[in-house]
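*Asks:* what shape does this take:
(one chain, ligands or ions: 1)
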Amino acid sequence: MNILVTGAAGFIGFHLASALLRAGHRVVGLDNLNAYYDPALKRARLAALPEGDFQFIEADLAEGESVQAALAGERFDVIVHLAAQAGVRYSVENPQAYTRSNIQGFLTVLELARHNAGLRHLIYASSSSVYGANRKLPFAVTDPTDRPVSFYGATKKANEAMAYAYASLYGIPATGFRFFTVYGPWGRPDMAPYLFASAIIEGRPIRLFNKGEMARDFTYIDDIVAGLMAAIDRPPVPDEAGVTHRLYNLGNNKVEPLRRFVAVIEQAAGRPAIIEEAPMQKGDVRQTHADIDDTRRDFGYDPATPIDIGLPRFVKWYRRYKGL
Ligand SMILES: NC(=O)c1ccc[n+]([C@@H]2O[C@H](COP(=O)([O-])OP(=O)(O)OC[C@H]3O[C@@H](n4cnc5c(N)ncnc54)[C@H](O)[C@@H]3O)[C@@H](O)[C@H]2O)c1
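*Replies:* Numbers count the residues shown, from 1 in each chain. From the prediction side, this is the model:
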């Protein structure tokens, strides 16, 4: 198939593009290689893609016309939209980056989908952040998501509404996946797994927010990619209103206290963490936990990687990448 992957130089986009290439698909990867974190890591990911039919387009999704011009004449079977301004904490500092990439950029993707004759499936990334202040655990896709506690979460919630509207208006088969704290080799330097592991390996202190009294449903990248790969060829059936849009959680369904997470990194790194305690951050939530029953049922999704296996793999990759 001919597949467009936005955010292909990003953490999840790179891993998905790799899997698609290995499966023999043609992949067009689009990314603006922005400097939210070191673009050298994004370029290194692109350089590490496996052999295959891959074309890279450097373009900013917030500039719809130039994206359309860059993709003129292309017709995709599937679009997987992973490009976004990610990160809960940065959305306090720079909310504009989120409206630009996540709202304007997402509209560009929806318009591409609308005018792409014969599109079989639009898959896009949402986030566990849409659950915001919810107390009921595990988080289920049928739970209300009207109380985001970060602007990032609000933009992801907006994406779900935008995708539903386009599916309803134009019959676009669309599936949104709410990812739960993804980690693994080539991971994101702004996220806790990378921040903690790099600091512990290099003997720098780590900051444990809310005294480490937090817990996350950490999901290993290979499990996320397996879920996305299983969904590629399974567009949604119409809902009771005849709309081809569905939402799923993509998590590990296993909650890990942050302290245990740190302990597993300490063991893999062979060094103790130097811990500094810090107050709870604005926009953060205390715990996440994905209900993945629907994802299992519809895609055979079966996350198989505990942090005891995933974190040592990350530490190994980090050492190799940094030459440590
Ligand atoms: N990693 C996680 O734990 C996690 C959790 C929940 C949701 N998500 C979502 O999954 C998706 C992928 O996340 P990731 O962890 O790979 O993040 P990432 O930042 O590594 O990848 C996103 C990529 O999108 C690109 N991008 C951003 N704005 C763009 C724009 N306007 N035009 C073109 N490219 C643009 C960036 O350069 C980056 O390479 C995002 O939508 C993110 O919000 C990730």
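*Asks:* tell me which other helices or strands the strand or helix carrying residue 178 touches.
*Replies:* Secondary structure assigned from DSSP states H and E places residue 178 in strand 174-179. Packed against strand 174-179 by the contact rule (3 or more C-beta pairs under 8 Å, 6 or more residues apart in numbering; DSSP states H and E) you find strand 121-127, helix 151-170, helix 221-232, strand 245-250. C-betas here are computed from N, CA, C, even on glycine.
*Asks:* which residues touch whichever helix or strand comes after the last one?
*Replies:* Moving toward the C-terminus from strand 245-250, the next helix or strand (DSSP H and E) is strand 256-257. Contact partners of strand 256-257, identified using C-beta atoms under 8 Å, 6 or more residues apart in numbering, comprise 212, 214, 215, 216, 217, 218, 307.
*Asks:* these two touch, right, the fifth one and residue 179?
*Replies:* No - counting by C-beta atoms under 8 Å, residue 217 does not reach residue 179; the two are 10.0 Å apart.
*Asks:* near the ligand, which residues of the stretch 151-300 of the chain are found?
*Replies:* Contact residues, the stretch 151-300 of the chain versus the ligand (C-beta under 6 Å from any ligand atom): 179, 181, 182, 188.
*Asks:* specify the beta-bridge partners of the first one.
*Replies:* This points to residue 179. residue 127, residue 250 (DSSP bridges).
*Asks:* skipping adjacent residues, who's closest to residue 195 in space?
*Replies:* Of all residues not flanking residue 195 in the chain, residue 206 sits nearest, at 6.9 Å (C-beta to C-beta, 6 or more residues apart in numbering).
*Asks:* picking that back up, the residues of the stretch 151-300 of the chain next to the ligand in strands, which ones?
*Replies:* Of these, the ones assigned to strands by DSSP state E are 179, 182.
*Asks:* hey, where'd the strands end up in this structure?
*Replies:* 2-6, 26-31, 54-58, 78-81, 121-127, 174-179, 182-183, 205-209, 215-216, 219-220, 245-250, 256-257, 274-278.
*Asks:* CSV for the ones you listed, including mean pLDDT?
*Replies:* Output for these, formatted as CSV (pLDDT from 0 to 100):
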stretch, mean pLDDT
strand 2-6, 98
strand 26-31, 98
strand 54-58, 98
strand 78-81, 98
strand 121-127, 98
strand 174-179, 98
strand 182-183, 98
strand 205-209, 94
strand 215-216, 94
strand 219-220, 98
strand 245-250, 98
strand 256-257, 96
strand 274-278, 94
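*Asks:* a markdown table for the ones you listed, including mean neighbour count?
*Replies:* Below are these laid out as a markdown table (neighbours: other C-beta atoms under 10 Å):
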| stretch | mean neighbour count |
| --- | --- |
| strand 2-6 | 24 |
| strand 26-31 | 24 |
| strand 54-58 | 15 |
| strand 78-81 | 26 |
| strand 121-127 | 25 |
| strand 174-179 | 26 |
| strand 182-183 | 25 |
| strand 205-209 | 16 |
| strand 215-216 | 22 |
| strand 219-220 | 26 |
| strand 245-250 | 24 |
| strand 256-257 | 16 |
| strand 274-278 | 12 |
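*Asks:* want to throw these into JSON lines with distance to residue 98?
*Replies:* Output for the strands of the chain, formatted as JSON lines (distance: least, C-beta to C-beta, whole Å):
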{"stretch": "strand 2-6", "distance to residue 98": "16"}
{"stretch": "strand 26-31", "distance to residue 98": "17"}
{"stretch": "strand 54-58", "distance to residue 98": "21"}
{"stretch": "strand 78-81", "distance to residue 98": "15"}
{"stretch": "strand 121-127", "distance to residue 98": "12"}
{"stretch": "strand 174-179", "distance to residue 98": "16"}
{"stretch": "strand 182-183", "distance to residue 98": "19"}
{"stretch": "strand 205-209", "distance to residue 98": "21"}
{"stretch": "strand 215-216", "distance to residue 98": "21"}
{"stretch": "strand 219-220", "distance to residue 98": "22"}
{"stretch": "strand 245-250", "distance to residue 98": "20"}
{"stretch": "strand 256-257", "distance to residue 98": "27"}
{"stretch": "strand 274-278", "distance to residue 98": "24"}
